[in-house]
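> For reference, the sequence and a predicted model appear below.
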Amino acid sequence: GDITALEILGGHFSAHDWLWLKDKRDELSKLTDFTIAESVQSAEDIPDTDDDHPYFGKSLKRVSLAKVKRIGANAFEKCFELLSADCPAATTVGRWAFENCISLTSVSLPLAESVGQSAFNSCTSLTSVNLPAVKGIEYEAFKSCSSLYNLLLPGASVPNAKGDSFEGCPSDRWLVLMDA
């Protein structure tokens, strides 16, 4: 279809709805904007999905997910045109959730406590990440994020970051901002 924007304004957004979106990915190939508004009664977590089977097609540019607490594995993998992700309620970002989102420039995850393995691996345009509540960052979470310059983290150091979490990032230029 020709649907370019989909906004969920009310009701309950269930796991079944996520699976429906994934099943309709090809039919929604022109979808550029997906929003779950704050006005929904509830939004279930994004279930894990298999490699190369994300919930959205390659045209998605902007996503805003009010009330979603967990972003499942591979959820947005290879959404090459995704520019921004606003996930104000997410506490967990699954493995490979945004891997190879090469156009992604900024992510807001103010409540995220854990970032899974390779969650943002090869997001080469990613310049800014807001993670003020993070407690753990898994292996290769930000590997090859060659444009990552601004990273908001709690405290004075990277909390529980596993080996190679930031391999390939501009270590001489990226900035850890302390929580006030």
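Ah, there it is.
> right, and D33 touches R62 too?
Yes. The pair D33 / R62 is scored as a contact, 4.9 Å apart, by Cβ atoms under 8 Å. Placement of C-beta: from N, CA and C, glycine included.
> now the strands for this structure?
With DSSP state E as the criterion, the chain has strands at 5-8, 12-13, 33-36, 42-43, 62-65, 70-71, 84-86, 92-93, 106-108, 114-115, 128-130, 136-137, 150-152, 175-177.
> worst average pLDDT in these?
The minimum mean pLDDT among these belongs to strand 175-177 (a mean of 54).
> now the strands of the chain in JSON lines, with mean neighbour count?
Formatted as JSON lines, these follow (neighbours: other Cβ atoms under 10 Å):
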{"stretch": "strand 5-8", "mean neighbour count": "14"}
{"stretch": "strand 12-13", "mean neighbour count": "17"}
{"stretch": "strand 33-36", "mean neighbour count": "18"}
{"stretch": "strand 42-43", "mean neighbour count": "16"}
{"stretch": "strand 62-65", "mean neighbour count": "20"}
{"stretch": "strand 70-71", "mean neighbour count": "24"}
{"stretch": "strand 84-86", "mean neighbour count": "19"}
{"stretch": "strand 92-93", "mean neighbour count": "24"}
{"stretch": "strand 106-108", "mean neighbour count": "20"}
{"stretch": "strand 114-115", "mean neighbour count": "24"}
{"stretch": "strand 128-130", "mean neighbour count": "19"}
{"stretch": "strand 136-137", "mean neighbour count": "20"}
{"stretch": "strand 150-152", "mean neighbour count": "18"}
{"stretch": "strand 175-177", "mean neighbour count": "12"}
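> Redo these as a markdown table? Include distance to D52.
Converted to a markdown table, the strands of the chain look like this (distance: least, Cβ to Cβ, whole Å):
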| stretch | distance to D52 |
| --- | --- |
| strand 5-8 | 22 |
| strand 12-13 | 24 |
| strand 33-36 | 19 |
| strand 42-43 | 25 |
| strand 62-65 | 19 |
| strand 70-71 | 17 |
| strand 84-86 | 19 |
| strand 92-93 | 19 |
| strand 106-108 | 22 |
| strand 114-115 | 21 |
| strand 128-130 | 24 |
| strand 136-137 | 24 |
| strand 150-152 | 28 |
| strand 175-177 | 33 |
